[in-house]
Every structure is written in structure tokens, then in C-alpha cells.
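A.B. asks: Model the following, please.
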Amino acid sequence: MSDNNRRLIASALGVLLPLALATAPLHTAQAAPAAMSSNQLAPLLAPVALYPDPLLAQVLNASQYPDQIAAAARWLRSNPRLRGAAAAKAAARQRWSVSVRSLVAFPAVLAAKDAKRAWVPSLVPAYHLHPIDVPDEVQALRAKARLAGHLDSTSQQRVVVSGRYISIEPVSPQMVYVPAYDASRVYGRWTYDAPPGVIRPGTGGAPTI
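C.D. replies: Purely as a prediction, here's the structure:
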């Protein structure tokens, strides 16, 4: 895959974030972060790699704020009548990341991420330190799911293949549906050392944020 395509994929998924400025003295040599292999990335990304691109971008962004995810989940449980756009509008008054506030419109996703608190911090170093490897691994997983016959366009989402790049887009720009799938089966034969993470939020839709 060319460098231009890599940059395009990373940008499309919203994973190119500025790294924090180093706080060590300028004369101190900074060790480069160790590369994460597919064996490490694939199990982390398998539960969300088949999310529609807009939702995946928000999930990856929100993974930087596990404490805020927990706070948002508690807030949503204490406001059970708030759902969808109404919940997102009310959450706008909270001092959380925009990505976390957007997940309030997807209560099943937010609850699943809160329940899998060990998964969220594990994704953070991958997301921060490997802005190219993460979208590349997402594409590899999508290709495996498509080859296995488990990733096709439906009435709710459109799967678009452009060369080696697979995008997943909502059919309606006003509604993003959350796919429910078994990560241990949807990718066909699992060839990685570690088993895939399991997050089953259940199928549901929410207005696009």
C-alpha cells in the first residue's frame, strides 16, 4: 500500500491525532515506541473493525478517555429517558470529549465499552503510537470478513470497495446503525495468536452525530 493511500485511510478513520509534546529535556534521547504486531492489534480491533466508519472514528477517539466513558455511562444510566439525539443534546453540557458525548447517542456501544474497561486502555497506546498501523489492521480485518462472506451491503449500511480500501458507510446520512457480530466467527479462520476481543452491544441505530 502506498504512503498516499495509508495517509488517506488514516485520515478517513479520524485516527491521525497530534502526539503530546515530550516533557523530557531536549538533550535526552527519546526511544521510539515499539511497533505493535498484527497479533497485538487484531484482537483489540476485531470487535469494532466492522463498525461504520463514522462510528468507528468516534469509538477510537473516545478510547483515549476511559474515565469519561465510565462517567458518561453512569450519567446515561441516571437519565434513562434520554435517548438518541435528545441524549446527545443534553450531554453537550458535560465537559467530556466530543467523541465521548457522541457515543451517548449509542447507549449500547457506550455500555459495552464501559463494561470492557480493560479493552479501552489497551487500545490507547495502539491508537496514539500507531496511527498508520491501526487503520491498516482495520482494513485487513475487513478484508478477512468480506472473504469469509460476512461483510456485504445491507439496507442499513453500504460496503464500498475501492482497490484495497474497504469503507463502511451508513445508507442514510441521518442514521448510523451499530452492527452486532461475533468477532470469533465473522472473520473466518482466526490466524492470530490471541483470541479476538468480544464486545456485543446489540444491533441498534441512532441519529448521526
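A.B. asks: residue ranges for the strands of this protein, please.
C.D. replies: 157-162, 165-170, 175-178, 204-207 (DSSP state E).
A.B. asks: of all those, which lies closest to D133?
C.D. replies: Of all those, strand 165-170 sits nearest to D133, with 15.5 Å by C-beta to C-beta. Bear in mind the C-beta positions are built from the backbone N, C-alpha and C, glycine included.
A.B. asks: Report the angle between that closest one and strand 157-162.
C.D. replies: 160 degrees (axes from the mean of the first three to the mean of the last three C-alpha atoms, to 10 degrees).
A.B. asks: Pull up the pairing partners for strand 165-170, direction included.
C.D. replies: According to DSSP bridges, strand 165-170 forms sheet pairs with strand 157-162 (antiparallel).
A.B. asks: contacting residues around stretch 183-196?
C.D. replies: Outside stretch 183-196, the residues that touch it by C-beta atoms under 8 Å, 6 or more residues apart in numbering are 38-40, 42-43, 46-47, 50, 141, 144-145, 147-148, 150-151, 197-199.
A.B. asks: how long is that stretch end to end?
C.D. replies: By C-alpha to C-alpha, to the nearest Å, the extent of stretch 183-196 from end to end equals 6 Å.
A.B. asks: just so I have it, where are all the helices in the protein?
C.D. replies: 3-12, 38-45, 53-62, 66-77, 84-91, 98-103, 107-115, 119-129, 133-147 (DSSP state H).
A.B. asks: Those helices: which one's closest to Q157?
C.D. replies: Nearest of these (C-beta to C-beta): helix 53-62, 9.7 Å.
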